[in-house]
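# Kindly generate the corresponding structure for this input.
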Amino acid sequence: MVQEVVFIKKQKAILDNIGFNIKIERKNQNIKQAALAKGICSISYLSKIENGKILPNEDIVELLLRRLNIEIIEVCSKEEDDIISSLLELYKEGLLYRNQNLIRKQLPKFIDIKFRFQETDNLYLYHLLMFRLLLITNDNSTDYESKIIQLKSIENKLSEKLKFIYYFNLALYYYSLNDNPNLVSYFKKSLRQKEYVMLHEWENADFYNALSLFYLKGRDYFNVVKYSSMALEYYKDNHYFERIIDGSIVLGIAQRNLLEFKNAEVNFSAAYKLTKRLNLSIYNGMIHHNFGALYSAQGNCEEAIKNFEKSFSYKQENSQLSTSFSTILCIIREYSKQGDSSNVLKWCNIGIDLLNDNCELKTFFHSYFFHFNVYRAKYSAYADYEIVLKKSVKYFKKIKDYRYVQKYSMMLGDYYRNQSKYKAASLYYQYSSLSALKQKKITSVEDL
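Numbering: from 1, shown residues only. Alright, predicted model coming up:
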């Protein structure tokens, strides 16, 4: 009787696994159930196979796999353990070193071969680890949405640990898309789920590091300090130097925003020394940008400009165009504080030319067109400053970036006031005030 129960459980696991593999492969190839089942079995029979409701006929499975043009290698328990151990090792390396080239080199041996695991948890773990590794490689050819649909179909079957990895993966995915509602939702779920699982130290460090970035995005600087410090402790103890640099920069940014300028300088300096010692020049642009922001926060425009311009130079050398625009905007602002119109216009033109020279960047960083055009209009005698500001307010309102709705509405209010158009000025000052409240999630005066 016991042997019969064990046999049934094993058969059920094999059934779930083969059905899940067929379902994933069919969706990856964008094949409808009707097209896959045609001439082999009924659609309802295929649906039952995919959802693990029947033990399929081996001949039918063979025909389905042949039509999908895949071979699923059935592995024994020992081979299965070796495959998962090898993938976990790559996963750990990926999280701790962020070595995209290593992951890209190793991943094909796990992607190209389809494994028929006996243990269902191993099958689910395999897909969860692969999802995270693909995220690290920043592979734009991957259909992440399709993979998420597949993972959501097994959410209720996941163990507590796998459910944590699942929520965490989705939080990171939505973080990469700047999808704040989903980002917040899944980070909260992963935080709650973490209470039910035991993680390795390196997994905790990776999670705390991600939390620090999540809170940095939300400008919750006290939590940034808390979680980045926890991650840094592990990275320092185990000599993961690049993670130390990343963590020190994030911690310094939070301290700068908390007006802890000395502590921020200590962390930026530590990161800079480590990059020099390890000859990691790729970090120089980021570090000098943050030194520039630190000096700017203290009102030292000259040192701020010097560091921002160094940052831009390093970013150009390392082809870090995607992060160059924020540095250009910071340079423009510093020169604007000094009323240096020629340098404001010079850097506005540099930014606009860079965007125009690259169609992909132009689309992704479209916001910077409005920023650069506002300052170019403000300091150009021939540009229509009023129209440019109105377009900018409309654009940032559309994308719900209320920080810039507030800023450019205030600039419009100032413009109308100087033109003695007090009614229009009052209207845009009101827009500015309402946008400030929206940033704090305040919807009623009673919330103040």
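# Strands of the stretch 1-150 of the chain, residue ranges please.
Along the stretch 1-150 of the chain, counting by DSSP state E, counting those that start in this stretch, strands occupy 72-74, 114-116.
# least reliable of those strands going by mean pLDDT?
Mean pLDDT values for the strands of the stretch 1-150 of the chain show the minimum at strand 72-74, a mean of 60.
# Which pLDDT value goes with the nearest residue to Gln193 once chain neighbours are set aside?
Using CB to CB, 6 or more residues apart in numbering and skipping residues adjacent in sequence, the residue nearest Gln193 is Phe164, 4.3 Å away. Heads up, the C-betas are built off the backbone N, CA and C, glycines and all. On pLDDT, Phe164 comes in at 95.
# Ok, the one 10 residues further on next?
With respect to pLDDT, Tyr174 has a value of 92.
# Look up how far Tyr186 lies from it.
Shown here: Tyr174 relative to Tyr186, a distance of 6 Å by CB to CB, to the nearest Å.
# Who has more neighbours out of the two?
Tyr186 (23 against 19; other CB atoms under 10 Å).
# Pull the contacting residues for that one.
With contacts defined as CB atoms under 8 Å, 6 or more residues apart in numbering, Tyr186 is in contact with 167-168, 170-171, 174.
# what about 6 Å?
Residues counted as contacts of Tyr186 (CB atoms under 6 Å, 6 or more residues apart in numbering) are 167, 170-171.
# how near is Leu123 to Phe131?
13 Å.
# any idea how far Ser345 is from Lys152?
Quick fix: residue 345 reads Leu, not Ser. For Leu345, the distance to Lys152 (CB to CB) stands at 51 Å.
# For those two, indicate the residue with more neighbours.
Here Leu345 and Lys152 are compared on neighbour count by other CB under 10 Å; more neighbours surround Leu345, at 17 against 11.
# Skipping adjacent residues, who's closest to that one in space?
In this structure, Leu345 finds its nearest non-sequential neighbour in Tyr379, 5.5 Å apart by CB to CB, 6+ apart.
# Just to check, that neighbour is in contact with Asn343?
No: using CB atoms under 6 Å, Tyr379 is not in contact with Asn343, being 9.5 Å away.
# Compare these two (neighbour count), which wins?
Legend: neighbour count by other CB under 10 Å for Tyr379 and Asn343, higher for Tyr379 (20 against 16).
# Which secondary structure element of this protein has the lowest mean pLDDT?
None of the helices or strands of the chain scores lower by mean pLDDT, DSSP states H and E than helix 2-28, at a mean of 58.
# roughly how far apart are the closest residue to Ile352 other than its chain neighbours and Ser326?
Distances taken as CB to CB, 6+ apart place Phe372 nearest to Ile352, at 5.2 Å, with adjacent residues excluded. Distance, Phe372 to Ser326, by CB to CB: 12 Å.
# same check, this time on Arg66
According to CB to CB, Arg66 stands 52 Å off from Ser326.
# ok, the two, which is more surrounded?
Ser326 (17 against 11).
# that's a helix at that one, yeah?
Yes: checked against DSSP: H, G, I helix; E, B strand; the rest coil, Ser326 lies within a helix.
# Please renumber the chain so that the first residue is 43 from this point on.
All right, first residue 43 from here; so that's Ser368.
# May I see the buried residues of the host helix or strand of Tyr257?
If you go by DSSP states H and E, Tyr257 is part of helix 243-259. For helix 243-259, burial by neighbour count (16 or more other CB atoms under 10 Å) applies to 245, 247-258.
# repeat for stretch 88-95
Within stretch 88-95, the residues scored as buried using 16+ other CB under 10 Å are 88-92, 94.
# same thing with stretch 406-413?
Going by neighbour count (16+ other CB under 10 Å), the buried part of stretch 406-413 is 407, 409-413.
# Where does confidence bottom out across those residues?
By pLDDT, Phe407 ranks lowest within the buried residues of stretch 406-413, coming in at 85.
# between the buried residues of helix 243-259, which is nearest Leu363?
For the buried residues of helix 243-259, the minimum distance to Leu363 (CB to CB) is 21.5 Å, reached by Leu255.
# Which residue is the nearest non-sequential neighbour of that closest one?
With sequence-adjacent residues excluded and distances taken as CB to CB, 6+ apart, Leu255 is closest to Val292, at 6.7 Å.
# give me the element the one you found is part of.
Assigned by DSSP H and E, Val292 belongs to helix 283-299.
# What lies in contact with the helix or strand hosting Tyr216?
Using DSSP H and E, the element containing Tyr216 is helix 202-218. If you take CB under 6 Å, 6+ apart as the criterion, helix 202-218 is touched by 166, 170, 173-174, 177, 200, 224-225, 228-229, 231-232, 235-236, 238-239.
# Just the buried residues of that helix, please?
Neighbour-count burial for helix 202-218 flags 203-217 (criterion: 16+ other CB under 10 Å).
# Downstream of that helix, the next helix or strand is which one?
By DSSP H and E, the next helix or strand past helix 202-218 is helix 222-236.
# Might one say that Val430 is in contact with Ala419?
Yes: applying CB under 6 Å, one finds Val430 in contact with Ala419, separated by 4.1 Å.
# And for Ile324, the neighbour number?
Using other CB under 10 Å, Ile324 is surrounded by 16 other residues.
# okay, the closest residue to it other than its chain neighbours: pLDDT?
Sequence neighbours aside, Asn360 is the residue nearest to Ile324 in space, at 5.3 Å (criterion: CB to CB, 6+ apart). Per-residue pLDDT puts Asn360 at 87.
# hang on, Asn360 packs against Asn326?
No: Asn360 lies out of contact with Asn326 (CB under 6 Å); the separation is 7.8 Å.
# pLDDT on stretch 166-179, on average?
Averaged across stretch 166-179, pLDDT comes to 89.
# quick revisit: relative to helix 243-259, how tilted is the helix holding Val292?
Orientation of helix 283-299 against helix 243-259 (axes from the mean of the first three to the mean of the last three CA atoms, to 10 degrees) gives an angle of 30 degrees.
# List the buried residues of helix 283-299.
By neighbour count on 16+ other CB under 10 Å, the buried set for helix 283-299 is 284-299.
# cool, and stretch 326-344?
When neighbours are counted by 16+ other CB under 10 Å, the buried residues of stretch 326-344 are found to be 326-338, 343.
# Now do that stretch, average pLDDT.
96.
# how distant is it from the center of its chain?
On the basis of CA atoms, centre = their mean, to the nearest Å, stretch 326-344 sits 24 Å off its chain's mean C-alpha point.
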